[in-house]
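[1] Any chance you could fold what I've pasted below:
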Amino acid sequence: MLYNLKRLTGYALGFVLFYAPVALFQRCLFYLLYGSWQPQSIHGLCFRIPIEHVLDGIIWRLTPISMLSTLLLLAAAFFLGPVFCGRLCPAGAFTEYLSKLMPSKFQISWHRYTEIAPIRYGMLAGFCLVPFFGGILACSYCNFFLFDLLANYYTRGYFISLTSSLLLTAIMWVLVFGIFTKGGRGFCNFLCPVGAAQGLMHAIGCKLPFVLRMRVDKNQCIGCGLCEKKCPMESAELAEGKAQINQHNCICCGVCQHACPVQAISYGRKRV
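    Numbers count the residues shown, from 1 in each chain. The predicted model follows:
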C-alpha cells in the first residue's frame, strides 16, 4: 500500500512539474535562462521534437528550454535509467492503472508474440529519419499532449477539436495498447519515441558498472515468476528458472522489486 502511494505521489509530482497551469520544471528553467518567472505550457519542454531532429541537426536550433530539457532527460536515462517514464510520466501511469480494471484474460501479452526491443528501436529510427523526407511526426501521435488535453484543458471548460491523428492516438494509447494490453504500457513500449530514446541510453549506460539499473541476484531468486507477472513493461521474465530484466525497455519503476518475495531484485549499481 505504501509503495503504491509512493508511485502515485511520483506521478502527481510529474503532473505538477510538467503540466500547466503549474509546469514548475519549465518555469524554473525559464527563470534560470531568462531571469523571469512566467507561465509555461507543456509545449515549452517538448522532448519529442528534439529527438525527431537529433539526426538532421535541427535540434541545435530549437528553443533552449526544449533542447536543455531533452539533454537532461537523456543524461538522466543514461545514469539513472528511464526514471522519467517509470516514476514521473502521468501519461504512461494513466493507462497502466486503467488497465488494472480489465481482467487479464482479455489482455494481450505482446512479448509472447514478438520481440519488443527491435520494434521499439525501429519506430525510433523511423521517427528520426522522417524529417529527411520532408515529414514530421512529433505532434502527430503524442499521448503526452493528449493527456494534457484530457486532464487540463477539458477540466477547465475549454472545447478542443481533436484531429484525426489525436483520435487515433487515443484509441491506440487508451484501448489497444492500454486497457487491452498486459501492464497497460504498450504505447510506451512500441510507439513512444521518448521512451525508446531513454531505453537506448539506459541500455548503453548499463555497460558501465557505476550506472544505476534494476538488478537481479540470481543466487537469491527462486524463480516464482511474480516479477514477470507484475512488470508493466514486460521487461522482467524468467530464463532457465531465474529472473532477468531486459534493459532495453525497463523503466526502473520498481514494480518487480516490490513484487519479489525474497528481495532478489534491487535498484543499484552492477553487482561485482
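
[2] Tell me which residues touch the closest residue to K218 other than its chain neighbours, please.
    Among residues not flanking K218 along the chain, K242 sits closest, at 4.8 Å (C-beta to C-beta, 6 or more residues apart in numbering). Where you see a C-beta, it was placed from the backbone N, CA and C, and this is true even at glycine. Residues in contact with K242 (C-beta atoms under 8 Å, 6 or more residues apart in numbering) are 216, 218, 221, 223.

[3] at 6 Å what do you get?
    218, 221, 223 (C-beta atoms under 6 Å, 6 or more residues apart in numbering).

[4] Top of those residues by number of neighbours, please.
    Within those, neighbour counts (other C-beta atoms under 10 Å) peak at C221, which reaches 18 neighbours.

[5] can I assume that residue is in contact with A264?
    Yes: in this structure, C221 is within contact of A264 by C-beta atoms under 6 Å, at 4.1 Å.

[6] The helix or strand of the chain with the lowest mean pLDDT: which residues count as buried?
    Taking mean pLDDT, DSSP states H and E as the measure, the chain has helix 164-170 as its least confident helix or strand, at a mean of 85. Buried residues in helix 164-170, counted by 16 or more other C-beta atoms under 10 Å: 166, 169-170.

[7] Same list (these) but as JSON lines, adding distance to S104.
    Formatted as JSON lines, those follow (distance: C-beta to C-beta, whole Å):
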{"residue": "L166", "distance to S104": "29"}
{"residue": "T169", "distance to S104": "25"}
{"residue": "A170", "distance to S104": "23"}
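
[8] Can you tell me which of those residues is nearest L98?
    Nearest to L98 among the buried residues of helix 164-170 is A170, at 12.3 Å by C-beta to C-beta.

[9] Excluding covalently adjacent residues, which one is nearest to that closest one?
    Excluding its sequence neighbours, the residue lying closest to A170 (C-beta to C-beta, 6+ apart) is L146, at 6.1 Å.

[10] can you count the residues close to the one you found?
    L146 has 20 nearby residues by other C-beta under 10 Å.

[11] Going by neighbour count, list what's buried in stretch 5-20.
    7, 10-11, 14-15, 17-20.

[12] For it, which outside residues touch it?
    Taking C-beta under 6 Å, 6+ apart as the rule, stretch 5-20 contacts 22, 24-25, 41-42, 87-90, 93, 148, 152.

[13] Quick one: residues contacting the residue nearest the centre of the chain.
    For the chain, the residue sitting closest to the mean C-alpha position, by C-alpha atoms, centre = their mean, is C85 at 3.1 Å. C85 makes contact with 92, 195, 251, according to C-beta under 6 Å, 6+ apart.

[14] where in the stretch 151-272 of the chain is pLDDT low?
    For the stretch 151-272 of the chain, residues meeting the criterion pLDDT under 70 lie at 153-162, 272.

[15] give me that answer again for 90
    151-167, 270-272 (pLDDT under 90).

[16] all helices of it, in order?
    Secondary structure of the stretch 151-272 of the chain (DSSP state H, counting those that start in this stretch): helices at 164-170, 186-190, 193-205, 226-230, 255-259.

[17] Centre of the chain to the first one, how far?
    When C-alpha coordinates are averaged (C-alpha atoms, centre = their mean, to the nearest Å), helix 164-170 and its chain have centres 19 Å apart.
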